[in-house]
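A.B. asks: Here's my sequence, what's the structure:
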Amino acid sequence: MSRYPPLDVELTKSSPQLWALRPLFSAQELQVIAAARQQISAGARTVVFATYENRGARAGGLYAVAERLPSALARAGVRAVCLSPFHSRLRKAPDRPGEMVGQVDVPFDGRRVQTTIYRDESGSIPWILFGAPGFFDAAGGPNGADPYDHSSPAGPAVDSNSLLLRDSLFAAAALPHVLAYSEIVHDVVVHVQDWQFAAAALTVKQAILAGRLSSAAVVLSSHNPYDCSLTAADLAKITTRTADRCWPRPEHEYAANRAAHAPDIEDDVAADGRRVAERSQPLVGDPTRNVAPQTSDAGAARTRRGTVYECMIPLCDAPVATVSREFARDLVRSLLQRSYFAGHLQRVFALRGLVGIDNGLFLEPRCPFSSDAIDGVSRGDFAQILAEKNARRARMLEILAEYSPAARIGELSDSADRGLPNLSDQTPIFMMFGRLDPGQKGFDVLAQAVRTQPRGAAKFVVCPIVPAGAEAFLDQWRQVADERAGDVVVFPFRMEAGYFETMAGATFCVMPSLYEPFGAATEPYLQGTPVVAHATGGLVQQVLDVREHPSEGTGILFRPQAVDTDEQAGRQWRAILQGPGPEHRMQYPLYVALVHELAGALAAARAVYQQDQPAYARMLSRLYPQSLEFAWDRAAAEYLALYEAAVRRG
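C.D. replies: Numbering: from 1, shown residues only. I've put the predicted structure just below:
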């Protein structure tokens with residue numbers, strides 16, 4: 001039996017949240033909103049995929065989803081368009097993101113803002129982009145590429161959080177006006193991504209009441225638990241419905257329905273003012289994406305919902321979706337989520353409902369090994385698949401021996417001075433890649449684990465994209481590269497050469513994430529490399545531990561043992577994530593346990609590679625079949641069920 005309930009069972013929690021809607025809208029207004037939602041025709045439906053990222057503004061997996069999910073919806077016969085802000089100052093922003101089709105005035109913060117609309121039909125799915133003077137002007141941080149980051153290396157310090165909130169509220173305010181100008185007003189499902197567009201749950205309803213949209217509903221996908229404080233003054237930029245009585249907290253409704261809605265969510269992790277106040281500082285290294293409510297008054301925090309998600313999730317027309325079945329469980333069961341990231345959302349999730357819909361593949365599905373090699377493994381002949389993997393390793397070593405950009409930290413060397421291309425085949429090479437997010441990705445966990453490995457026993461290639469505020473975590477890798485000279489090389493930028501060749505040639509990729517919504521294990525799989533990963537979120541679904549599944553394993557999973565009580569562990573998580581830097585984290589037993597278990601997993605991976613080549617070959621042969629477990633067409637079918645839930649009578 002599957003450990004996950006069928007999606008249609010989870011979608012039974014799809015009735016409107018009247019406890020949240022009645023204080024905002026009159027009975028007559030609610031009838032108009034309900035009729036507009038219920039009149040959406042499945043046969044004529046247009047799905048508007050609203051995303052803060054686009055081709056010229058990529059910062060993570062959001063654009064990758066926008067490239068693929070709408071296309072899968074189109075294959076299912078659904079009309080789909082993507083809608084996104086034009087971030088004009090980013091390094092990769094075009095002069096004009098398509099054909100300019102017109103302008104519209106958007107009411108915002110007591111004035112009317114002239115907004116320019118562009119249309120780009122160069123791909124399989126049309127994109128509508130919009131921009132306005134003074135908005136979406138983020139400089140992009142150290143790399144000039146992050147649409148969430150208003151800082152720049154040369155510019156003065158800015159309050160990136162408040163600017164991002166301003167732009168996000170304007171995006172939600174502009175959305176219905178842009179749709180109306182584009183004549184997308186009937187049978188519309190607005191599928192918003194993350195908190196930056198979540199306020200569309202309100203602005204679309206206001207547009208229905210104003211007659212701007214005739215039939216529309218809003219659903220939300222949350223790719224991360226990141227949230228942002230939202231004051232009455234912020235709300236006033238997009239609505240006149242700002243009084244505290246319009247935005248009641250869900251405690252009363254939750255208490256009345258607790259047994260029916262979420263019996264497994266404990267009161268001690270509820271989103272009360274004390275929890276909100278305790279995590280009131282944004283994470284080091286990610287100042288733009290996890291902004292907790294800024295209040296120190298527990299009583300004041302109880303008077304109204306205090307963040308974008310707290311306010312807007314109850315107004316959505318269907319349960320909240322997230323990007324894997326396991327992460328949906330983690331959001332309401334994981335101590336890290338309940339005690340830190342999403343403690344304030346537990347009751348909102350319980351009332352509105354939460355479903356996990358697995359992402360598909362972010363790379364084209366192509367088997368990394370020949371059919372003869374795969375067939376050989378099935379017959380017990382492992383030589384060809386190992387030879388093909390060794391050829392990829394040799395190519396990687398050739399590239400790394402020559403690739404020495406100025407920003408490189410450390411280098412790899414052969415202890416016998418034979419040159420890197422002649423590194424012993426018995427020496428495993430581990431690769432870690434991704435955004436150096438101190439609150440999520442675990443680069444610092446790997447740095448500490450490397451220090452526990454015998455010198456020369458393994459090599460490590462580390463490829464972090466470093467955001468503003470994460471310099472201390474990069475400095476930690478400078479120290480490790482110096483301590484382990486010859487064993488560690490760090491490329492703190494997007495590699496211009498050898499990136500995929502390194503992913504293909506590495507013995508294992510490492511994913512020690514503190515938490516992981518979906519995870520990227522399938523990317524190394526499609527390059528022919530197994531994965532060592534923390535057993536969290538989507539990685540649990542992607543990585544099968546070879547020690548538990550000898551014939552189906554695709555890597556090694558590590559699971560730290562429980563440390564102290566849940567309450568003590570919750571305090572440790574908060575101290576770890578709010579601390580001054582990476583070395584500070586080692587004083588907490590919970591974090592030390594993570595490092596210890598990763599170190600053991602690296603040793604186990606090294607042993608498999610060096611001592612059990614048949615087991616390693618079987619892993620290689622299973623990577624492609626395991627990656628095919630994640631398909632965008634299946635994701636599209638499940639999102640269609642979510643859209644149906646949004647228009648269901650209730």
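
A.B. asks: could you show me where the strands are in the stretch 1-150 of the chain, in order?
C.D. replies: Taking DSSP state E, counting those that start in this stretch, the strands of the stretch 1-150 of the chain run over residues 46-50, 79-85, 99-108, 111-120, 127-131.

A.B. asks: so after the helix or strand containing Ala447, what's the next helix or strand?
C.D. replies: For Ala447, the host element (DSSP states H and E) is helix 443-450. Downstream of helix 443-450, the first helix or strand assigned by DSSP H and E is strand 459-465.

A.B. asks: what comes into contact with that following strand?
C.D. replies: 143, 400, 412, 423, 427-436, 443, 446, 450, 474, 477, 484, 487-495, 499, 502, 506 (C-beta atoms under 8 Å, 6 or more residues apart in numbering). All C-beta atoms are positioned from the backbone trio N, CA, C, and that covers glycine.

A.B. asks: Buried subset of the residues you listed as a PyMOL selection?
C.D. replies: In PyMOL syntax, the buried subset of the contacts of strand 459-465 is picked out as below (16 or more other C-beta atoms under 10 Å):
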select buried, resi 143+400+412+423+427+428+429+430+431+432+433+434+435+436+443+446+450+474+477+484+487+488+489+490+491+492+495+499+502+506
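
A.B. asks: Can you flag which of the contacts of strand 459-465 belong to helices?
C.D. replies: 400, 443, 446, 450, 474, 477, 499, 502 (DSSP state H).

A.B. asks: What is the most widely separated pair among those residues?
C.D. replies: Farthest apart among these by C-beta to C-beta are Val450 and Tyr499. That separation is 20.6 Å.

A.B. asks: Near His549, how many residues? Count them for me, please.
C.D. replies: 12 (other C-beta atoms under 10 Å).

A.B. asks: Tell me if I am right that it is in a helix.
C.D. replies: No: assignment of His549 by DSSP: H, G, I helix; E, B strand; the rest coil gives coil, placing it outside any helix.

A.B. asks: if we can go back for a sec, of all the strands of the stretch 1-150 of the chain, which one is nearest Asp167?
C.D. replies: strand 79-85 (7.0 Å).

A.B. asks: and that closest one, what other elements does it pack with?
C.D. replies: On a contact count with 3 or more C-beta pairs under 8 Å, 6 or more residues apart in numbering; DSSP states H and E, strand 79-85 meets strand 46-50, helix 61-75, strand 127-131, helix 160-181.

A.B. asks: next one: the first one to chain centre, how far?
C.D. replies: In terms of C-alpha atoms, centre = their mean, to the nearest Å, the centre of strand 46-50 is found 19 Å from the chain centre.

A.B. asks: Dump that strand to PDB, keeping only the CA atoms.
C.D. replies: Extracted in PDB, the C-alpha atoms of strand 46-50 (Å, rounded to 0.1, in the frame of the first residue of the first chain):
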ATOM      1  CA  THR A  46      -7.400  29.000 -19.500                       C
ATOM      2  CA  VAL A  47      -4.700  28.300 -16.900                       C
ATOM      3  CA  VAL A  48      -2.600  31.400 -16.100                       C
ATOM      4  CA  PHE A  49       0.700  30.300 -14.600                       C
ATOM      5  CA  ALA A  50       1.800  33.300 -12.500                       C
END
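
A.B. asks: Show me where the stretch 201-350 of the chain has its helices.
C.D. replies: For the stretch 201-350 of the chain, the helices defined by DSSP state H, counting those that start in this stretch occupy 232-235, 251-261, 273-278, 298-302, 308-312, 325-333, 335-336, 346-352.

A.B. asks: Switch the helices and strands packed on strand 79-85 over to CSV; also include distance to His344 and mean pLDDT.
C.D. replies: Listed next are the helices and strands packed on strand 79-85 as CSV, based on distance: least, C-beta to C-beta, whole Å; pLDDT from 0 to 100:
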stretch, distance to His344, mean pLDDT
strand 46-50, 24, 98
helix 61-75, 22, 96
strand 127-131, 31, 98
helix 160-181, 16, 97
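
A.B. asks: okay, these in JSON lines with distance to Gly538 next?
C.D. replies: Below are these laid out as JSON lines (distance: least, C-beta to C-beta, whole Å):
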{"stretch": "strand 46-50", "distance to Gly538": "20"}
{"stretch": "helix 61-75", "distance to Gly538": "11"}
{"stretch": "strand 127-131", "distance to Gly538": "27"}
{"stretch": "helix 160-181", "distance to Gly538": "25"}
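
A.B. asks: Any idea which of those gets closest to Asp381?
C.D. replies: Going by C-beta to C-beta, the one of the helices and strands packed on strand 79-85 nearest Asp381 is helix 61-75, 36.2 Å.

A.B. asks: how about the CA coordinates for that closest one, as CSV?
C.D. replies: Extracted in CSV, the C-alpha atoms of helix 61-75 (Å, rounded to 0.1, in the frame of the first residue of the first chain):
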residue,chain,number,x,y,z
GLY,A,61,13.6,25.8,-9.8
LEU,A,62,10.6,28.1,-10.3
TYR,A,63,11.4,29.0,-13.9
ALA,A,64,12.2,25.4,-14.6
VAL,A,65,8.7,24.5,-13.5
ALA,A,66,7.3,27.3,-15.6
GLU,A,67,9.1,26.0,-18.7
ARG,A,68,7.6,22.5,-18.3
LEU,A,69,4.3,22.3,-16.4
PRO,A,70,2.3,24.7,-18.7
SER,A,71,3.5,22.7,-21.7
ALA,A,72,2.3,19.5,-20.0
LEU,A,73,-1.1,21.1,-19.4
ALA,A,74,-1.2,22.1,-23.1
ARG,A,75,-0.5,18.5,-24.1
